[in-house]
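Colleague: Quick one, what's the 3D model for this:
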Amino acid sequence: MTPLSLARRLAAVVGLAALAAGAACSEQLEGGAGCAAGLCPVTNAAVVDTTLDPVVLDTALAGVPVAGDLPVLLLATRPGADSLDVRAVVRFDSVPGSFAPPAGGDSVRITRVDSTAIRLTLDTSGTRFTGPVTIQAYDVDTAAAGDTVVDVLAALFRPDRLLGEVTLASPTVTGDTVSLRLSNDAFAAKAQARARLRIGLRLVSATSARVRLFGVGVGGVNAVSPVVRFDPATDTIFRAVLVFPASVTPGSSELARAYRAQSLPVRVPRLTDGSDLVIGGLPARRVYMRFAVPARFIDSVDLVRASLLLTQRASGAPDALDTGVTVRPLAVLATDAVTDLRRASEFASGAVGLDTLRVDPRGSGVRVFSVVNLLRAWRALPTNTPRALVLRATAEGAQAAELRFYSIEAAAELRPRLRLSYVPRTNFGLP
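Modeller: I've put the predicted structure just below:
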């Protein structure tokens, strides 16, 4: 059974379970003269509450997803001792060396260009700044090894590699797009040499600022992805040419595609992780939790509520503009044949209908995640599928703020717990 078909099955099971639970909560089943023999409950069942310590494994996973496999890119800056500097790289490894004339005929070699620009689309929901900010574009292509390594790329943001810049006066840009003009001479040289164009983007501001841009993501290039536009000027006529993100390195074609647009956390204040369960931050992390819930709570009771209780530790917010991180719980569908937890966390589905929760990184105390649909869905999982959960930020990889929770290594009163409210199954029959 594929993860997709299993996710659909889980969604169907949750829907039926929810209907059954709703009926059980709204009806008062009582014995009496109107009941047929053998069909009436012996007694009315009360709701029972219990709290369990069912987590047998919990850990924070880093490096998931791949840095370039993100739908949104973050540019951020914060001056000061605990400074923040997050940049991005967009690859255009298929720069054309010629173009087709509008009137038809043989292709024409590009010798010079005009009006070269990269179009960026803002995610205005995550863009925050109070004064003018400047987005700078640099040529960060390199033949050096490690062309995905932060330190290698960060060293290429030099004045002699500056391609252009644009200043934004307001977080709201007409049409939510920004056109950043690039050096025509630099681009023409790339086209003539059929060389790669890799553009590094950096945010410059006198105060804390954050700009989110739409990237490429797992769905591929779309209408809001970055695109380079230029006019292949000749002595006669031209038509604008578009160049879309593409990458030929590193390694396999699958990994190369993931690096068409890459986040680059050059400087991010970090606290020691220790045994904390960390969600969000840069590089992004997510939490994997595996449960051992007694079978009777899955198969032999009618669940009314199920809540995962996590105790939060206050975290110094790396980005003062982040007042909340939205956490999304996901059901893990990977079988026990997948032993790499990072890989297993990628086989996670939101089809079971778990609610998100927005949490302030600077807060502390118990946070409650509703997981009743997850426990109901576990009934449909094959026996070789661990009962597991992933907690990830909805803006994973595009938000510097992080959440910290105590793990199973903490004191008993701080560990993750599961609080259940259920109605015991009633035996029907003659007394």
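
Colleague: contacts, neighbours, all on C-alpha from now
Modeller: Fine.

Colleague: Alpha carbons of the host helix or strand of Glu254, as PDB, please.
Modeller: Glu254 is located in helix 253-258, with elements delineated by DSSP states H and E. Once side chains and other backbone atoms are set aside, the C-alpha atoms of helix 253-258 remain, and they are given as PDB (Å, rounded to 0.1, in the frame of the first residue of the first chain):
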ATOM      1  CA  SER A 253      19.200  15.000 -10.800                       C
ATOM      2  CA  GLU A 254      16.700  14.700  -7.900                       C
ATOM      3  CA  LEU A 255      19.000  16.500  -5.500                       C
ATOM      4  CA  ALA A 256      20.000  19.100  -8.100                       C
ATOM      5  CA  ARG A 257      16.400  20.000  -8.600                       C
ATOM      6  CA  ALA A 258      16.000  20.600  -4.900                       C
END
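
Colleague: for Gln192, helix, strand, or coil?
Modeller: Following DSSP: H, G, I helix; E, B strand; the rest coil, the label given to Gln192 is helix.

Colleague: Offset the numbering so it begins at 15, please.
Modeller: Taking 15 as the first residue, the last one we looked at is Gln206.

Colleague: For the closest residue to it other than its chain neighbours, which residues are in contact?
Modeller: Counting by CA to CA, 6 or more residues apart in numbering, the nearest residue to Gln206 once its immediate chain neighbours are dropped is Gly111, at 5.5 Å. Counting by CA atoms under 8 Å, 6 or more residues apart in numbering, Gly111 touches Arg123, Ile124, Ala205, Gln206, Ala207, Arg208.

Colleague: Separate out the buried members of those.
Modeller: Among the contacts of Gly111, those classed as buried by neighbour count (16 or more other CA atoms under 10 Å) are Ile124, Ala205, Gln206.

Colleague: Would you reformat those residues as CSV and include distance to Ile293 and pLDDT?
Modeller: Formatted as CSV, the entries for these read as follows, by distance: CA to CA, whole Å; pLDDT from 0 to 100:
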residue, distance to Ile293, pLDDT
Ile124, 48, 89
Ala205, 42, 94
Gln206, 46, 94
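
Colleague: Arg304 is in what secondary structure piece?
Modeller: Under the assignment given by DSSP H and E, the secondary-structure element containing Arg304 is strand 299-305.

Colleague: pLDDT of the next helix or strand after that strand, averaged?
Modeller: Counting by DSSP H and E, the element after strand 299-305 in chain order, helix or strand, is helix 309-313. Looking at helix 309-313 alone, the average pLDDT works out to 89.

Colleague: contacts for helix 309-313?
Modeller: For helix 309-313, contacts defined as CA under 8 Å, 6+ apart pick out Leu317, Leu389, Arg390, Trp392, Arg393.

Colleague: Kindly tell me how buried Gln150 is, as a neighbour count.
Modeller: 22 (other CA atoms under 10 Å).

Colleague: How about the contacts made by it?
Modeller: If a contact means CA under 8 Å, 6+ apart, then Gln150 has Leu176, Leu177, Gly178, Glu179, Val180, Gly214, Leu215, Arg216, Leu217, Val218 as its contacts.

Colleague: Then Ile149?
Modeller: The neighbours of Ile149, taking CA under 8 Å, 6+ apart as the test, are Glu179, Val180, Thr181, Leu182, Leu215, Arg216, Leu217, Val218.

Colleague: cool, Ser421 as well?
Modeller: Taking CA under 8 Å, 6+ apart, one finds Asp72, Thr73, Ser289, Asp290, Leu291, Leu428, Arg429, Pro430 in contact with Ser421.

Colleague: before we move on, what about Ala402?
Modeller: With contact taken as CA under 8 Å, 6+ apart, Ala402 is in contact with Tyr302, Met303, Arg304, Phe305, Ala345, Val346.

Colleague: Surely the first one is in contact with Val78?
Modeller: By that I understand Tyr302. No - taking CA atoms under 8 Å as the definition, Tyr302 is not a contact partner of Val78, at 11.4 Å.

Colleague: Show me which of the two is the more surrounded one.
Modeller: Tyr302 (23 against 18).

Colleague: Mind naming the longest strand for the chain?
Modeller: When secondary structure is assigned using DSSP state E, the longest strand within the chain turns out to be strand 315-327.

Colleague: Now do the buried residues in it.
Modeller: Applying a neighbour-count criterion of 16+ other CA under 10 Å, the buried positions in strand 315-327 are Asp316, Leu317, Val318, Arg319, Ala320, Ser321, Leu322, Leu323, Leu324, Thr325, Gln326, Arg327.

Colleague: Now tabulate those in a markdown table and tack on distance to Thr370.
Modeller: Converted to a markdown table, the buried residues of strand 315-327 look like this (distance: CA to CA, whole Å):
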| residue | distance to Thr370 |
| --- | --- |
| Asp316 | 23 |
| Leu317 | 20 |
| Val318 | 19 |
| Arg319 | 16 |
| Ala320 | 15 |
| Ser321 | 13 |
| Leu322 | 12 |
| Leu323 | 14 |
| Leu324 | 14 |
| Thr325 | 17 |
| Gln326 | 16 |
| Arg327 | 19 |
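
Colleague: now, which of those residues sits nearest Ala424?
Modeller: Checking these against Ala424 with CA to CA, the nearest one is Thr325 at 10.1 Å.

Colleague: residues contacting the closest one?
Modeller: Taking CA under 8 Å, 6+ apart as the definition of contact, the neighbours of Thr325 are Ser378, Gly379, Val380, Arg381, Phe419, Tyr420, Leu428, Arg429, Pro430.
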